[in-house]
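Enquirer: Here is my input; please provide its structure:
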Amino acid sequence: MLAEYWPVLLFIAVAAGMGIVLITLGLLVGPRRPEPDKLSPYECGFEAFEDARMQFDVRYYLLAILFIIFDLEIAFLFPWAVVFKQIGIVALIEMGLFLLLLVIGFAYVWKKGALEWE
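Expert: Modelled structure (predicted):
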(Lines give C-alpha, C1' and ligand atoms only; values in the text may rest on other atoms or scores of the structure.)
Protein backbone atom coordinates (compact mmCIF):
# COMPACT_ATOMS: atom_id res chain seq x y z
CA MET A 1 0.00 0.00 0.00
CA LEU A 2 2.90 2.33 0.67
CA ALA A 3 4.04 1.88 -2.92
CA GLU A 4 0.93 3.76 -4.08
CA TYR A 5 2.00 6.82 -2.11
CA TRP A 6 5.60 6.73 -3.36
CA PRO A 7 5.10 9.29 -6.19
CA VAL A 8 3.44 11.74 -3.80
CA LEU A 9 6.17 11.34 -1.18
CA LEU A 10 8.84 11.72 -3.85
CA PHE A 11 7.17 14.90 -5.13
CA ILE A 12 7.01 16.37 -1.61
CA ALA A 13 10.65 15.47 -0.94
CA VAL A 14 11.87 17.00 -4.21
CA ALA A 15 9.79 20.16 -3.70
CA ALA A 16 11.03 20.58 -0.11
CA GLY A 17 14.62 19.95 -1.19
CA MET A 18 14.41 22.48 -4.02
CA GLY A 19 12.88 25.03 -1.68
CA ILE A 20 15.64 24.60 0.90
CA VAL A 21 18.37 24.71 -1.75
CA LEU A 22 16.98 27.84 -3.41
CA ILE A 23 16.51 29.72 -0.12
CA THR A 24 20.01 28.77 1.03
CA LEU A 25 21.47 29.78 -2.33
CA GLY A 26 19.69 33.14 -2.16
CA LEU A 27 21.01 33.79 1.35
CA LEU A 28 24.58 32.86 0.41
CA VAL A 29 24.84 34.54 -2.99
CA GLY A 30 22.36 37.42 -2.72
CA PRO A 31 23.53 40.97 -2.01
CA ARG A 32 23.15 42.41 1.47
CA ARG A 33 23.15 46.19 1.55
CA PRO A 34 20.99 47.35 4.46
CA GLU A 35 20.22 51.03 4.17
CA PRO A 36 18.05 53.29 6.31
CA ASP A 37 15.44 53.51 3.55
CA LYS A 38 15.16 49.74 3.34
CA LEU A 39 14.77 49.40 7.09
CA SER A 40 12.18 52.16 7.45
CA PRO A 41 8.46 51.38 7.89
CA TYR A 42 6.60 51.08 4.61
CA GLU A 43 3.10 49.86 5.44
CA CYS A 44 1.47 53.00 6.75
CA GLY A 45 4.12 55.61 5.98
CA PHE A 46 4.96 56.70 9.50
CA GLU A 47 6.88 55.34 12.47
CA ALA A 48 5.04 53.09 14.87
CA PHE A 49 4.14 55.07 17.96
CA GLU A 50 2.81 52.36 20.25
CA ASP A 51 3.45 48.80 21.25
CA ALA A 52 2.91 46.10 18.63
CA ARG A 53 0.49 44.42 21.00
CA MET A 54 -2.02 47.26 20.97
CA GLN A 55 -5.64 46.38 20.32
CA PHE A 56 -7.06 46.71 16.81
CA ASP A 57 -10.46 48.10 16.11
CA VAL A 58 -13.08 45.41 15.55
CA ARG A 59 -14.07 47.06 12.27
CA TYR A 60 -10.91 45.75 10.63
CA TYR A 61 -12.03 42.21 11.36
CA LEU A 62 -15.61 42.88 10.29
CA LEU A 63 -14.42 44.29 7.01
CA ALA A 64 -12.18 41.27 6.46
CA ILE A 65 -15.07 38.90 7.20
CA LEU A 66 -17.32 40.79 4.78
CA PHE A 67 -14.65 40.52 2.10
CA ILE A 68 -14.39 36.76 2.64
CA ILE A 69 -18.16 36.35 2.51
CA PHE A 70 -18.52 38.18 -0.79
CA ASP A 71 -15.43 36.51 -2.19
CA LEU A 72 -17.01 33.13 -1.45
CA GLU A 73 -20.22 34.32 -3.04
CA ILE A 74 -18.39 34.85 -6.31
CA ALA A 75 -16.70 31.47 -5.92
CA PHE A 76 -20.16 29.85 -5.74
CA LEU A 77 -21.81 31.99 -8.40
CA PHE A 78 -19.33 31.48 -11.21
CA PRO A 79 -19.51 27.66 -11.47
CA TRP A 80 -23.28 27.84 -11.00
CA ALA A 81 -23.59 30.29 -13.89
CA VAL A 82 -21.44 28.11 -16.15
CA VAL A 83 -23.74 25.07 -15.79
CA PHE A 84 -27.00 26.95 -15.32
CA LYS A 85 -28.73 25.45 -18.37
CA GLN A 86 -28.04 21.89 -17.22
CA ILE A 87 -29.20 22.27 -13.60
CA GLY A 88 -32.60 23.87 -14.15
CA ILE A 89 -35.10 25.87 -12.17
CA VAL A 90 -34.48 24.16 -8.80
CA ALA A 91 -30.91 25.43 -8.81
CA LEU A 92 -32.18 28.92 -9.64
CA ILE A 93 -34.40 28.86 -6.56
CA GLU A 94 -31.58 27.53 -4.40
CA MET A 95 -29.18 30.21 -5.61
CA GLY A 96 -31.86 32.84 -5.04
CA LEU A 97 -32.18 31.68 -1.42
CA PHE A 98 -28.40 31.72 -1.04
CA LEU A 99 -28.19 35.27 -2.35
CA LEU A 100 -31.15 36.33 -0.21
CA LEU A 101 -29.34 35.09 2.90
CA LEU A 102 -26.24 37.05 1.90
CA VAL A 103 -28.28 40.20 1.29
CA ILE A 104 -29.99 39.81 4.67
CA GLY A 105 -26.59 39.46 6.33
CA PHE A 106 -25.26 42.47 4.46
CA ALA A 107 -28.29 44.55 5.45
CA TYR A 108 -27.82 43.51 9.09
CA VAL A 109 -24.16 44.53 9.06
CA TRP A 110 -25.04 47.80 7.34
CA LYS A 111 -27.79 48.57 9.87
CA LYS A 112 -25.43 47.83 12.78
CA GLY A 113 -23.03 50.43 11.38
CA ALA A 114 -20.13 48.06 10.73
CA LEU A 115 -19.47 49.70 7.39
CA GLU A 116 -19.23 53.21 8.85
CA TRP A 117 -15.66 54.43 9.25
CA GLU A 118 -14.99 57.32 11.60
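Enquirer: and the spatially most central residue of the chain, which of the three is it?
Expert: Centroid-nearest residue in the chain: Ile68, 7.5 Å away (criterion: Cα atoms, centre = their mean). When classified by DSSP: H, G, I helix; E, B strand; the rest coil, Ile68 comes out as helix.
Enquirer: Begin at 29, not 1, for the rest of this chat.
Expert: Noted, 29 is the first residue going forward, which turns the last one into Ile96.
Enquirer: How much space separates it from Ala103?
Expert: Going from Ile96 to Ala103 by Cβ to Cβ, to the nearest Å gives 10 Å. (Glycine included, C-beta is placed from N, CA and C.)
Enquirer: residues contacting Met46?
Expert: Going by Cβ atoms under 8 Å, 6 or more residues apart in numbering, Met46 touches no other residue.
Enquirer: any idea how far it is from Leu53?
Expert: From Met46 over to Leu53 the distance is 10 Å, taken as Cβ to Cβ.
Enquirer: Surely Phe112 is in contact with Val118?
Expert: No - here Phe112 does not reach Val118: they are 11.6 Å apart, not a contact under Cβ atoms under 8 Å.
Enquirer: Which of those two has more residues huddled nearby?
Expert: Shown here are Phe112 and Val118; by other Cβ atoms under 10 Å, Phe112 has more neighbours (12 against 8).
Enquirer: Next up, the contacts around that one.
Expert: Phe112 neighbours (Cβ under 8 Å, 6+ apart): 119-120.
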